[in-house]
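Participant: Next come a sequence and a model predicted from it.
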2 protein chains.
Amino acid sequence: MRVIDVITVNIKDYMQDLGIKARTAGKEVAVASTQDKNAALLATRDAIGDMRAMLLDANAEDMERAREKQLEPALMDRLELTDSRVRAMMDGLSQVATLKDPVGAISGLSYMPSGIQVGQMRVPLGVIGIIYESRPNVTVEAASVALKSGNATILRGGSEAISSNRAIAQCMAQGLSVAGLPAGALQVVETTDRAAVGELITMSEFVDVIVPRGGRGLIERISRESCIPVIKHLDGICHVYIDDAADAEKAIAIAVNAKTQRYGTCNTMETLLIAESVAETLLPPICSAYLDKNVEIRGCERTRELCNQASVAADEDWAAEYLAPIVAIRVVSGMDEAMEHIERWGSSHTDAIVTENHTRAMQFLRAVDSSSVMVNASTRFADGFEYGLGAEVGISTDKLHARGPVGLDGLTSQKYVVLGDGHIRS
Amino acid sequence: MRVIDVITVNIKDYMQDLGIKARTAGKEVAVASTQDKNAALLATRDAIGDMRAMLLDANAEDMERAREKQLEPALMDRLELTDSRVRAMMDGLSQVATLKDPVGAISGLSYMPSGIQVGQMRVPLGVIGIIYESRPNVTVEAASVALKSGNATILRGGSEAISSNRAIAQCMAQGLSVAGLPAGALQVVETTDRAAVGELITMSEFVDVIVPRGGRGLIERISRESCIPVIKHLDGICHVYIDDAADAEKAIAIAVNAKTQRYGTCNTMETLLIAESVAETLLPPICSAYLDKNVEIRGCERTRELCNQASVAADEDWAAEYLAPIVAIRVVSGMDEAMEHIERWGSSHTDAIVTENHTRAMQFLRAVDSSSVMVNASTRFADGFEYGLGAEVGISTDKLHARGPVGLDGLTSQKYVVLGDGHIRS
């Protein structure tokens, strides 16, 4: 496939046109049958299989341009489509097709004293604008969740991935067409002009919610400039607090896993808090496990007494999302001080307590104001798949609407349904 | 009671101070026991009872000033506190105390393949800013729902009600004090300076959500200027569609009740749609009921053939929220045309179908994108009390977060809770 000619029309008109098509298609997919939506997902998967060579060629063009522009290696890695990534995209589509359709589900239908029945029905949000950096596989992942939940989607990926995204758009168009669903339901912005983002986040008549996926800078800018609600995901400064009453074996396993299982993810622990009474016993084995894995340790004074290879942790360390093999450790007097630390320095993403004490576990669970709060489990579990959502479009650190991993339900809302038998209000 | 001296400090500092106090108090009430929250509600009720004379005096001052300013009679009526309105405020507080506490409720706790248990816990939003026009009784209603759901509240009422609101603030302060809850949990903005609203809707570090209650102008301005999420309630252009398969008796009863049971409420029907095949039989009795109640009829051509006292309905009528004894009537070919009309002209508030046909009832329920969709019931039922919410802070016409009547649950969100037994991710 050759790259389509650069769009020369006015950006505002171009985006408005996408918006109108998405709004129209959104009404159709909102009431589309589960069968048709699944057919579109599976046909998209098949199209990706059939057009794999074209997809990889298009990606090679993006990679070539990225090399010329001397893109950072981490970004190059995210941009690249490999055979196994294509396979994972296809598997993801099959997986979303197997998920239960949230749309139309009625909950809580009950009789009221007046005689009417009142319940709530899950309905799609309408049109989702997804803005993401240069990871072409995200195109398919996000679009499939949005489609299954009955929404139309406008996807705006990073300019470095434009050829890959256009190729993926072809596969999705074919999937929709096979299932008889409107092409407007999944549209990729086929211009690299940055003005397109500005249009997308302000055309509130056509777009109901914006989901930005990318670095903090992107998300902050979009939240500031958007006049459409944004489901946003900011920092993941996650904590594990090892309580006085912690089981030693669980504490060590969780502290090590939460930090070292993967370094670059938002649910990775950045700061370990440990109760004074168990620090002397537990910190040495934990620190030695970190050092074995070449994790740099920055600690409070007491930590440095117990681990002489730790350097001094400054305030910046408590506020850092390292996304790297670095850990900050602080010895605290007990749970209250740990919760104060989390409240002051945390980012309300994911925080865990390790304790065998039931009362403190319940207090921590209730009082810590984060999107995921855990007892005796690694923060690395904070993930849509691990939570049984089947797929996610992102993790929300907001409080309104969706909080934590956002799956199918997070792209729907609930309307009231009332069933009467000629009931009037007296 | 005498009106407190006009606040002379800098408005920004004054509002920031309220914000800091609310944020601090919010953390306390978020984990307050159900018992303490109920004690505060009941003690506020008792304080209102004890201070009734002072309250009525304060309100008389407001009324006096309003008369001098020649406020409109409708606004004067809303401003006035009578014995029965004070009684209703007190009853409302008792009622909210009896409602189930939503905070801390865990739902869906299930084991995942990894062995962890995952569920969702209801948690308060934090600090709610409520901005309303001059109805002092709203102060108590909104504040009680916010407190019961574990939130701190900053209330900013219309300047005409400032003396009444200050008196009510005294009663609430006493209620909180009796229960040992922090005074910062319920604060009334005690200045009439309009700059206070501007501060309230932009201090996102202290306020989590804004609930404006008032006319469209107020709500639009606040939504435009707020950098904090707004739970907003715009127009209520509600429809009843009488289907071909409607039961005549139910159709007439609902059409009359939805329009005439009260004229000034947002859930009052503004436009009646009726299928051509039943218009000849049903419109004459319906129109005659309207005319008996002095309801002005504006209709399409076919309506005017069937009811010679109907005047011509223009496009403005389909878009009107009359809030008055006026009804627009349109004869349509059937349900599809009715749904097109609702989509084009409606405001996504509340729409009803009258039909005995099950398939069409289900299609209408699914496809109409309004916060409440009804079958064989009067639109006047769209109300927090009728829906069993016990109390409401307003009705949301938004799609994200809360939709329709907003009660206790609408002022909470859900965080994920994870219970493990030393689980780590592999």
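Facilitator: Cool, got the structure. Numbering: from 1, shown residues only, chains lettered A, B, ... in the order given.

Participant: OK, contacts around the closest residue to chain B within the stretch 151-300 of chain A?
Facilitator: For the stretch 151-300 of chain A and chain B, the shortest gap (CB to the nearest CB) falls at A:K250, measuring 3.2 Å. All C-beta spots, glycine's among them, are computed from the backbone N, C-alpha and C. Residues in contact with A:K250 (CB atoms under 8 Å, 6 or more residues apart in numbering or on different chains) are A:V354, A:N376, B:D421, B:G422.

Participant: Now the buried members of the residues you listed.
Facilitator: A:V354, A:N376, B:G422 (16 or more other CB atoms under 10 Å in any protein chain shown).

Participant: Send me the one helix or strand A:Q95 maps to as PDB with only the CA atoms.
Facilitator: Per DSSP states H and E, A:Q95 falls inside helix A:83-98. Taking Å, rounded to 0.1, in the frame of the first residue of the first chain, the C-alpha atoms of helix A:83-98 are listed here in PDB:
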ATOM      1  CA  ASP A  83       4.600 -10.600  13.800                       C
ATOM      2  CA  SER A  84       3.800 -11.300  17.400                       C
ATOM      3  CA  ARG A  85       2.300  -7.800  17.900                       C
ATOM      4  CA  VAL A  86       0.100  -8.300  14.900                       C
ATOM      5  CA  ARG A  87      -0.900 -11.700  16.400                       C
ATOM      6  CA  ALA A  88      -1.700 -10.000  19.700                       C
ATOM      7  CA  MET A  89      -3.900  -7.500  18.000                       C
ATOM      8  CA  MET A  90      -5.800 -10.300  16.300                       C
ATOM      9  CA  ASP A  91      -6.100 -12.200  19.600                       C
ATOM     10  CA  GLY A  92      -7.400  -9.000  21.300                       C
ATOM     11  CA  LEU A  93     -10.200  -8.700  18.700                       C
ATOM     12  CA  SER A  94     -11.200 -12.300  19.200                       C
ATOM     13  CA  GLN A  95     -11.200 -11.700  23.000                       C
ATOM     14  CA  VAL A  96     -13.400  -8.600  22.900                       C
ATOM     15  CA  ALA A  97     -15.800 -10.500  20.700                       C
ATOM     16  CA  THR A  98     -16.200 -13.100  23.500                       C
END
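
Participant: Can you list the helices and strands that that helix packs against?
Facilitator: Helix A:83-98 sits against helix A:34-50, helix A:52-68, helix A:136-148, with contacts defined as 3 or more CB pairs under 8 Å, 6 or more residues apart in numbering or on different chains; DSSP states H and E.

Participant: Repeat the analysis, applying 7 Å as the threshold.
Facilitator: Applying 3 or more CB pairs under 7 Å, 6 or more residues apart in numbering or on different chains; DSSP states H and E, one finds that helix A:83-98 contacts helix A:34-50, helix A:136-148.

Participant: For A:P212, give its distance to A:Q16.
Facilitator: As judged by CB to CB, to the nearest Å, A:P212 and A:Q16 stand 21 Å apart.

Participant: the more surrounded of the two?
Facilitator: The residue with more neighbours, out of A:P212 and A:Q16, is A:P212; 25 against 15, by other CB atoms under 10 Å in any protein chain shown.

Participant: What are the boundaries of the strands in the stretch 151-300 of chain A?
Facilitator: For the stretch 151-300 of chain A, applying DSSP state E, counting those that start in this stretch gives strands covering A:152-156, A:186-188, A:209-213, A:238-242, A:269-275, A:296-299.

Participant: Spell out the secondary structure type for A:P405.
Facilitator: Put simply, A:P405 is strand when judged by DSSP: H, G, I helix; E, B strand; the rest coil.

Participant: Touching, it and A:A391? I think so.
Facilitator: No. If you go by CB atoms under 7 Å, A:P405 and A:A391 don't touch, sitting 9.5 Å apart.

Participant: Overlap of the contact sets of the two?
Facilitator: With contacts defined as CB atoms under 7 Å, 6 or more residues apart in numbering or on different chains, the residues shared by A:P405 and A:A391 are A:G384.

Participant: What residues sit buried inside stretch A:359-369?
Facilitator: Neighbour counts over stretch A:359-369 (16+ other CB under 10 Å) mark A:R360, A:A361, A:Q363, A:F364, A:L365, A:R366, A:A367, A:V368, A:D369 as buried.

Participant: Report the contact partners of the spatially closest residue to the third one that is not a sequence neighbour.
Facilitator: Nearest residue to A:Q363 in three dimensions, chain neighbours excluded: A:M335, at 7.2 Å (CB to CB, 6 or more residues apart in numbering or on different chains). Going by CB under 7 Å, 6+ apart, A:M335 touches A:Y241, A:D243, A:R360, A:F364.

Participant: Excluding covalently adjacent residues, which one is nearest to A:Y132?
Facilitator: A:R213 (4.0 Å).

Participant: Neighbours of the one you found, how many?
Facilitator: Around A:R213 there are 21 residues (other CB under 10 Å).

Participant: what about A:Q120, is that helix, strand or coil?
Facilitator: From three-state DSSP, the assignment for A:Q120 is strand.

Participant: wait, doesn't it sit right on A:A105?
Facilitator: No. With contact defined as CB under 7 Å, A:Q120 does not reach A:A105; the gap is 9.0 Å.

Participant: Give me the more crowded residue out of those two.
Facilitator: Shown here are A:Q120 and A:A105; by other CB under 10 Å, A:Q120 has more neighbours (18 against 15).

Participant: so who does the spatially closest residue to that one that is not a sequence neighbour touch?
Facilitator: Spatially, and ignoring its direct neighbours in sequence, A:Q120 is nearest to A:Q414 (4.1 Å; CB to CB, 6+ apart). Applying CB under 7 Å, 6+ apart, we find A:Q414 in contact with A:Q120, A:M121, A:R122, B:R403.

Participant: Ramachandran angles for A:Y416?
Facilitator: Main-chain dihedrals, A:Y416, degrees, to the nearest 10: phi -80, psi 140.

Participant: Name the residues that touch the longest helix along chain A?
Facilitator: Assignment by DSSP state H gives helix A:11-30 as the longest helix of chain A. Contact with helix A:11-30 is made by A:7, A:124, A:126-127, A:147, A:150-152, A:154, A:181-182, A:184-185, A:187, A:189, A:191, A:193, A:195-196, A:199-200, A:203, A:206-207, as judged by CB under 7 Å, 6+ apart.

Participant: could you measure the residue of chain A most remote from its centre against chain B, distance?
Facilitator: Using CA atoms, centre = their mean, the residue of chain A lying farthest from its centre is A:S426. It sits 47.8 Å away. In this view, A:S426 and chain B are 8 Å apart by CB to the nearest CB, to the nearest Å.

Participant: mind checking pLDDT for that residue?
Facilitator: At A:S426, the pLDDT value in this model is 91.

Participant: again, but for A:G119
Facilitator: A:G119 carries a pLDDT score of 97 in this model.

Participant: so what's it bridging to?
Facilitator: Beta-bridge pairing for A:G119 (DSSP bridges): A:V417.

Participant: tell me which element A:V375 falls in.
Facilitator: strand A:372-377.

Participant: and that strand with chain B, contact?
Facilitator: Yes. Judged by CB under 7 Å from any CB of the partner chain, strand A:372-377 comes into contact with chain B through A:S372, A:V373, A:M374, A:V375, A:N376, A:A377.

Participant: Could you export that strand as CSV, keeping only the C-alpha atoms?
Facilitator: Output of strand A:372-377 as CSV, limited to C-alpha atoms (Å, rounded to 0.1, in the frame of the first residue of the first chain):
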residue,chain,number,x,y,z
SER,A,372,-7.3,0.8,43.4
VAL,A,373,-6.6,-0.1,47.1
MET,A,374,-5.2,-3.6,47.9
VAL,A,375,-4.6,-5.9,50.8
ASN,A,376,-1.8,-8.5,50.6
ALA,A,377,-1.5,-8.2,46.8
